[in-house]
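K.L.:
Give the three-dimensional model of this entry:
(2 chains)
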There are 2 protein chains.
Amino acid sequence: MSAVLIDGKAAAAELRAEVAAEVAALPRAPGLATLLVGDDPASQIYVRNKRRLCVEAGMRDLHRHVPGDVSQGELAGIIDELADDAEVTGILLQLPLPGQLDANALLARIPPAKDVDGLTERSAGRLALGTPGLVPCTPSGVMHLLDRAGVALEGAEAVVVGRSSLVGKPQAQLLLGRNATVTTCHSRTRDLVSVTRRADVLVAAAGVPRMIGPDAVKPGAVVIDVGMHRLESGLCGDVDTERVAEVASAITPVPGGVGPMTIAMLLRNTVLAARLAGEAAVPAVEGRVGAGR
Amino acid sequence: MSAVLIDGKAAAAELRAEVAAEVAALPRAPGLATLLVGDDPASQIYVRNKRRLCVEAGMRDLHRHVPGDVSQGELAGIIDELADDAEVTGILLQLPLPGQLDANALLARIPPAKDVDGLTERSAGRLALGTPGLVPCTPSGVMHLLDRAGVALEGAEAVVVGRSSLVGKPQAQLLLGRNATVTTCHSRTRDLVSVTRRADVLVAAAGVPRMIGPDAVKPGAVVIDVGMHRLESGLCGDVDTERVAEVASAITPVPGGVGPMTIAMLLRNTVLAARLAGEAAVPAVEGRVGAGR
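P.N.:
Alright, predicted model coming up:
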């Protein structure tokens, strides 16, 4: 193995410590409202981890658990209440929701200043237009890892495999904002290998186990693996890590790469939201919030 | 010259006739509120043309001319009034605004359902997330030209030169929505020629006169020129049209290519906004509005 391993676990721990220090310096601890609907076991674990790390960072845990048979109107009312509550700094609506609920319509009720997941229409618009706003946690976590590893992005060829609203699309916007030349590939891309082989920085977020092999990677490239799959043989990502590591100059492992960054960036977004709320009277905000610039 | 010329003038006339037929079939003619602030001569010409073609298409011209020394608060009040007015189908705030005004804050007051220019944060967010909304006129005009010329986009390599919020960024989103593999280039791209030469479909929106020469184009590519420059030698685009036409399979001229499409798409967006307003009670809207799909 020749590639440097990019240690997301260490980066996330470091970032959480930074967030905790920022929280300690704030006049009042930010409050994170995680909103869990129903009893999906995976969602329960995710929310539990978010709440635990929120408390560890010194923030207030304002969790709400709502029965799975809640109506659209009732849940909308709860979100509006959290939106109006000055004690609530950030709102996280845990997805997926039970089938009777329209997630997009509910997300749209979260004010952009409290949208710590960065998933609403207005946050996506701000990212697309390059105006300050809160950015989705996984792609901004990728940017943080790239920066921490000292990867030069200006003028680099970046290729993103995948175009989800959660990762691929915001990832492309963030890389473009850092002056990379950015290509987005997807399931309809012809000859994917020839496209990914152009990449100086390759972000795999396709959701297909080990789809990126060594033939798909330019020698010396930096490879970021957003995938996370539970196979019989264990956890793996979208990249065939062991073999690609022979070709790449740096690579994120799975687990311990991008994964731990997501909650760390959520905590960071919550602190940024607290700062934004504090500066609400100030017209201009410096730079892009949460983009790691 | 071997390339087919893509005739934007004919396409725009055809589209305006389609819009006029749709307007005639509506229970009430849509109303377009063009809002001109101050006396910028270019803006006056643009607004005059928009109003003229709006009337020709059978729509109501609800123009407002505001003195150039208007305050932010006064202009915000006028936009809010138009937003609330059921007679107003679409609102177009002509840019640029005089220096004392904050254009983004004013644009943000336009409701997405009346945002016929597609320039607000929420419209940009809808485009990024792939939910129905009104799309900026120039890039959607490009999509219309590509469709009318029968250009296959699925799996094609598309390269967009330029990353403005007005053209480059929404153009990339629209091409991605049509399953092209999309690369965005810009002033910091290293070795631009090698990137543009990959394109099956090349959209030049960089704002640099004749920057795309024949060496930058793959033989047989479709070349769309969004540029428009007034030089001493006459009008030209971002593409060296005459020489590139020897290499490309199809190309838009300047003038008479993308230019005429912009107002035609504005009129089309206004009709779509009228339909959206009529269907406001209906939860789902079919497909993407204005994306030419």
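K.L.:
my guess is A:G118 meets A:T138, correct?
P.N.:
No - counting by Cβ atoms under 8 Å, A:G118 sits too far from A:T138 to count as a contact (9.6 Å). All C-beta atoms are positioned from the backbone trio N, CA, C, and that covers glycine.
K.L.:
Please identify which of these two sits among more neighbours.
P.N.:
The residue with more neighbours, out of A:G118 and A:T138, is A:G118; 26 against 22, by other Cβ atoms under 10 Å in any protein chain shown.
K.L.:
Can you tell me the SS state at that one?
P.N.:
Under DSSP: H, G, I helix; E, B strand; the rest coil, A:G118 falls in the coil class.
K.L.:
What parts of the stretch 1-150 of chain A come near chain B?
P.N.:
A:102, A:104, A:120-131 (Cβ under 8 Å from any Cβ of the partner chain).
K.L.:
one more time with 10 Å, if that's ok
P.N.:
Selection of the stretch 1-150 of chain A residues close to chain B by Cβ under 10 Å from any Cβ of the partner chain yields A:102, A:104-105, A:107-108, A:112, A:119-131, A:133.
K.L.:
In contact with the one residue in the stretch 51-200 of chain A that gets nearest to chain B, which residues are there?
P.N.:
Nearest residue of the stretch 51-200 of chain A to chain B (Cβ to the nearest Cβ) works out as A:G125 at 3.1 Å. Residues near A:G125 by Cβ atoms under 10 Å, 6 or more residues apart in numbering or on different chains: A:112, A:131, A:133, B:108, B:112, B:120-129, B:133, B:165.
K.L.:
what do A:G118 and A:T138 both touch?
P.N.:
With Cβ under 10 Å, 6+ apart as the test, A:G118 and A:T138 both reach A:166, A:170, A:265-266.
K.L.:
Spell out which residues of the stretch 151-293 of chain A are next to chain B.
P.N.:
Residues of the stretch 151-293 of chain A lying near chain B by Cβ under 10 Å from any Cβ: A:153-159, A:163-165, A:168-170, A:172-173, A:175-192, A:194-195, A:198, A:200, A:283-284.
K.L.:
now these: which count as buried?
P.N.:
Taking 16 or more other Cβ atoms under 10 Å in any protein chain shown as the criterion, what is buried in these is A:153, A:155-159, A:163-165, A:168-170, A:172-173, A:175-186, A:188-189, A:192, A:195, A:198, A:200.
K.L.:
Helices - which of those residues land there?
P.N.:
Judged by DSSP state H, these include A:168-170, A:172-173, A:175-177, A:192, A:195 as members of helices.
K.L.:
and the two most separated of these?
P.N.:
Within these, A:G177 and A:L192 form the most distant pair, 24.7 Å apart (Cβ to Cβ).
K.L.:
Would you list the phi and psi of A:D225?
P.N.:
For A:D225, the backbone dihedrals (degrees, to the nearest 10) come out as phi -110, psi 110.
K.L.:
Which residue, other than its chain neighbours, is closest to it?
P.N.:
A:G237 (3.8 Å; Cβ to Cβ, 6 or more residues apart in numbering or on different chains).
K.L.:
the longest helix in chain A is where?
P.N.:
For chain A, the helix with the greatest residue count under DSSP H is helix A:259-278.
K.L.:
what helices or strands is that helix leaning on?
P.N.:
Applying 3 or more Cβ pairs under 10 Å, 6 or more residues apart in numbering or on different chains; DSSP states H and E, we find helix A:259-278 packed against helix A:8-25, strand A:31-37, helix A:41-56, strand A:90-93, helix A:137-148.
K.L.:
try 6 Å
P.N.:
helix A:8-25, helix A:137-148 (3 or more Cβ pairs under 6 Å, 6 or more residues apart in numbering or on different chains; DSSP states H and E).
K.L.:
Comparing those helices, which stretch has the densest surroundings?
P.N.:
Mean neighbour count (mean count of other Cβ atoms under 10 Å in any protein chain shown) peaks for helix A:137-148 among the helices and strands packed on helix A:259-278, with a mean of 25.
K.L.:
residues making contact with that helix?
P.N.:
With contact meaning Cβ atoms under 6 Å, 6 or more residues apart in numbering or on different chains, helix A:137-148 is reached by A:6, A:11, A:167, A:170-171, A:174, A:224, A:258, A:261-262, A:265-266, A:290, A:292.
K.L.:
now that helix against helix A:8-25, angle please.
P.N.:
100 degrees (axes from the mean of the first three to the mean of the last three Cα atoms, to 10 degrees).
K.L.:
give me every residue that touches A:I110.
P.N.:
Contacts of A:I110 (Cβ under 6 Å, 6+ apart): A:91, A:120.
K.L.:
what does stretch A:46-66 rub up against?
P.N.:
Looking at stretch A:46-66 with Cβ under 6 Å, 6+ apart, the contacting residues turn out to be A:16, A:19-20, A:23-24, A:29-37, A:88, A:94, A:263, A:267.
K.L.:
Can you say which of those residues are buried?
P.N.:
Buried among the contacts of stretch A:46-66 (16+ other Cβ under 10 Å): A:16, A:19-20, A:23, A:29-37, A:88, A:94, A:263, A:267.
K.L.:
circling back: format the contacts of helix A:137-148 as JSON lines; extra columns: pLDDT.
P.N.:
Putting the contacts of helix A:137-148 into JSON lines (pLDDT from 0 to 100) gives the following:
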{"residue": "A:I6", "pLDDT": "98"}
{"residue": "A:A11", "pLDDT": "98"}
{"residue": "A:V167", "pLDDT": "97"}
{"residue": "A:P170", "pLDDT": "98"}
{"residue": "A:Q171", "pLDDT": "98"}
{"residue": "A:L174", "pLDDT": "98"}
{"residue": "A:I224", "pLDDT": "98"}
{"residue": "A:V258", "pLDDT": "98"}
{"residue": "A:M261", "pLDDT": "98"}
{"residue": "A:T262", "pLDDT": "97"}
{"residue": "A:M265", "pLDDT": "98"}
{"residue": "A:L266", "pLDDT": "98"}
{"residue": "A:G290", "pLDDT": "39"}
{"residue": "A:G292", "pLDDT": "34"}
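K.L.:
Just the closest of those residues to chain B, please.
P.N.:
Chain B lies nearest to A:P170 out of those, by Cβ to the nearest Cβ, at 7.9 Å.
K.L.:
Surely the closest one touches A:G133?
P.N.:
No - the pair A:P170 / A:G133 is not scored as a contact, 10.8 Å apart, by Cβ atoms under 6 Å.
K.L.:
Quick check: the gap between the residue nearest to A:V4 when sequence neighbours are not counted and chain B.
P.N.:
Excluding the flanking residues, the one nearest A:V4 by Cβ to Cβ, 6+ apart is A:A250, at 4.3 Å. Applying Cβ to the nearest Cβ, to the nearest Å, the value for A:A250 to chain B is 20 Å.
K.L.:
Tell me, what's the model's pLDDT at A:R275?
P.N.:
Per-residue pLDDT puts A:R275 at 91.
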